[in-house]
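S.K.: model this:
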Amino acid sequence: MTFAVERINGVRQALDDRAGRLTTGDAVAKRLRAASATVDALRKKIVATKEGGMITGEERLRENLTDLYSNIVFYDGGPSQTQVERADAIARELADVVRDFDA
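M.R.: Numbering: from 1, shown residues only. Prediction:
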């Protein structure tokens, strides 16, 4: 998950840097900013981005995985079938975001 977010951030920052070197009204700069916004929308599917942290209640894949991990770790027994299925679902959701990014 961290690798995916770092890749997305790297591309987004590169797009913003290139757009910043061009004049504001430049058509290429507009396309670069639009691409940056698209990439940022993908990042927002993985991590919460609102200011305020846990107070906002915003939950994305990272927060869902953290919650699942803590539920499994702090329980004396093994993970339930529901927890295993939830882990698989989170992995699929992350794979979907990465696939959209790579497209």
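
S.K.: now the helices for the protein?
M.R.: Taking DSSP state H, the helices of the chain run over residues 2-20, 27-46, 61-73, 81-102.

S.K.: can you redo those as CSV with mean pLDDT and mean neighbour count?
M.R.: In this view, the C-beta of every residue, glycine as well, is placed from N, C-alpha and C. Formatted as CSV, the helices of the chain follow (pLDDT from 0 to 100; neighbours: other Cβ atoms under 10 Å):
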stretch, mean pLDDT, mean neighbour count
helix 2-20, 95, 15
helix 27-46, 95, 15
helix 61-73, 92, 14
helix 81-102, 94, 13
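
S.K.: so which residue is dead centre in this structure?
M.R.: Residue closest to the mean C-alpha point of the chain, counted by Cα atoms, centre = their mean, is I46 at 2.4 Å.

S.K.: please name the residues that touch the closest residue to that residue other than its chain neighbours.
M.R.: In this structure, I46 finds its nearest non-sequential neighbour in L61, 4.9 Å apart by Cβ to Cβ, 6 or more residues apart in numbering. By Cβ atoms under 8 Å, 6 or more residues apart in numbering, the residues touching L61 are 1, 45-47, 90, 93-94, 97.

S.K.: possible to save these as CSV with distance to G20?
M.R.: Listed next are these as CSV, based on distance: Cβ to Cβ, whole Å:
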residue, distance to G20
M1, 28
K45, 25
I46, 25
V47, 23
I90, 35
E93, 32
L94, 30
V97, 26
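
S.K.: closest to Y69 out of those residues?
M.R.: Within the contacts of L61, proximity to Y69 (Cβ to Cβ) peaks at I90, which comes in at 10.1 Å.
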